[in-house]
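Colleague: show me the folded form of this:
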Amino acid sequence: MTYEEWAAQYGFNGADDVMKSNYDGNVVEIDALNADPEQTATFDVNQFSGMTFAEFSTRFLNLVDSGETDLPALGEVPVLENRASDIDWDVTPVKNQGSCGSCWAFGTMGSIEHRHKVKTGTTVDLAEQQLVDCDKVSHGCSGGLPTAAMNYLANKDIFTTASYPYKAANGACHSGTASGVKITGHQSVDKTSSGLESALADGAVTVIIKADASFQHYKSGVLQNPPTPCGLNHAVLATGYGSDFWKIKNSWGTSWGEAGFIRFAKSEAGCGPFGLFYKNPSVPLSVNADVQV
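Modeller: Model prediction:
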């Protein structure tokens, strides 16, 4: 696909020379990724192909590790000896954070929505904008941590998106319509494959990772040999696994990846694939686990 064709498809300026240079550089990277004989994933141009990785990171990969790691967790999810060989939770819609560093808010509300759906069979759409505007421990569109967000929401009304629409921008905190879903905080998940598999038995798990350019260009398949850094820049949801891969739900819309999902190979090296085990994954804890989440 030429730059002009790509620009027309995604609604960008086909005469922008800077964006064309970025696009051409990304095509070179994509071709190199696809030429890797050990790689089973495929990579392609998408809505992010007009940005350098530095620009992309600034907009979409700016999760803040701002010292909230000592916030209290309400216990730890037990590691199960007998675990399912595979799990695939795909029960709630993929959302889109837009050009706002609010992945932490989507990673928080996404796990609450998901576990509520698993428990009750009812889909609820919770307001990420409530966290962006009201959780002052975090930093709105400049990043935050899901554990801090879950603790902020503890025993508060969680508003519906219909009453508190998402704007992909910082705003003033205000009230909305209570969804009826409440949590008391979060539980910690062991930083191992067995720990994450155990937590996934009951629904999606909020995880934080350090994504690289392969995330920006990802199209489909299981991404092999993922980096194993000890760092973070993005909050996402683990929604399943197979014998040799994790399935991750992103917040970049359905036109990215596998209709909004990515799969990458399991690894115990370093801090896990894409730093999956650099920090403890987390799950929301409900006021009433049989009814809420």
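
Colleague: chain center to the longest strand along the chain, what's the gap?
Modeller: Counting residues, the longest strand found in the chain (DSSP state E) is strand 234-241. The chain centroid and the centroid of strand 234-241 are separated by 6 Å under Cα atoms, centre = their mean, to the nearest Å.

Colleague: each with direction, which strands does the following helix or strand past it pair with?
Modeller: Going down the chain from strand 234-241, the next helix or strand is strand 245-249, by DSSP states H and E. Strand 245-249 pairs in its sheet with strand 234-241 (antiparallel), strand 261-265 (antiparallel), by DSSP bridges.

Colleague: so what touches the last one?
Modeller: Spelled out, it's strand 261-265. 41, 90, 94, 215, 218, 221-226, 239, 242, 244-250, 273-274 (Cβ atoms under 8 Å, 6 or more residues apart in numbering). The way it works is simple: take the backbone N, C-alpha and C, and place the C-beta from them, glycine included.

Colleague: number of nearby residues for the closest residue to residue 80 other than its chain neighbours?
Modeller: Nearest non-adjacent residue to residue 80, counting by Cβ to Cβ, 6 or more residues apart in numbering: residue 198, 4.3 Å away. Using other Cβ atoms under 10 Å, residue 198 is surrounded by 21 other residues.

Colleague: within the helices and strands, which one has residue 198?
Modeller: helix 193-199.

Colleague: would you mind listing the buried residues in that helix?
Modeller: Using 16 or more other Cβ atoms under 10 Å as the test for burial, helix 193-199 gives 193, 195-199.

Colleague: and the angle from the helix or strand following that helix to strand 234-241?
Modeller: Counting by DSSP H and E, the element after helix 193-199 in chain order, helix or strand, is strand 205-209. With axes from the mean of the first three to the mean of the last three Cα atoms, to 10 degrees applied, the angle from strand 205-209 to strand 234-241 works out at 130 degrees.

Colleague: quick one: residues in contact with strand 205-209.
Modeller: For strand 205-209, contacts defined as Cβ under 8 Å, 6+ apart pick out 63, 107-108, 110-111, 145-146, 150, 189, 196, 199, 232-238, 248, 274-276, 278-279, 281-284.

Colleague: got it, and stretch 11-28?
Modeller: Under Cβ under 8 Å, 6+ apart, the answer for stretch 11-28 is 3-4, 6-8, 45, 49-52, 55, 216-217.

Colleague: ok, the most centrally placed residue in the chain to residue 134 distance?
Modeller: Geometric centre of the chain, nearest residue: residue 236, 1.6 Å, by Cα atoms, centre = their mean. The gap separating residue 236 from residue 134 is 22 Å, by Cβ to Cβ, to the nearest Å.

Colleague: what do you get for residue 82?
Modeller: For residue 82 relative to residue 134 (Cβ to Cβ), the value is 41 Å.

Colleague: and the helices in the stretch 101-250 of the chain?
Modeller: For the stretch 101-250 of the chain, the helices defined by DSSP state H, counting those that start in this stretch occupy 103-120, 128-134, 146-153, 193-199, 213-217.
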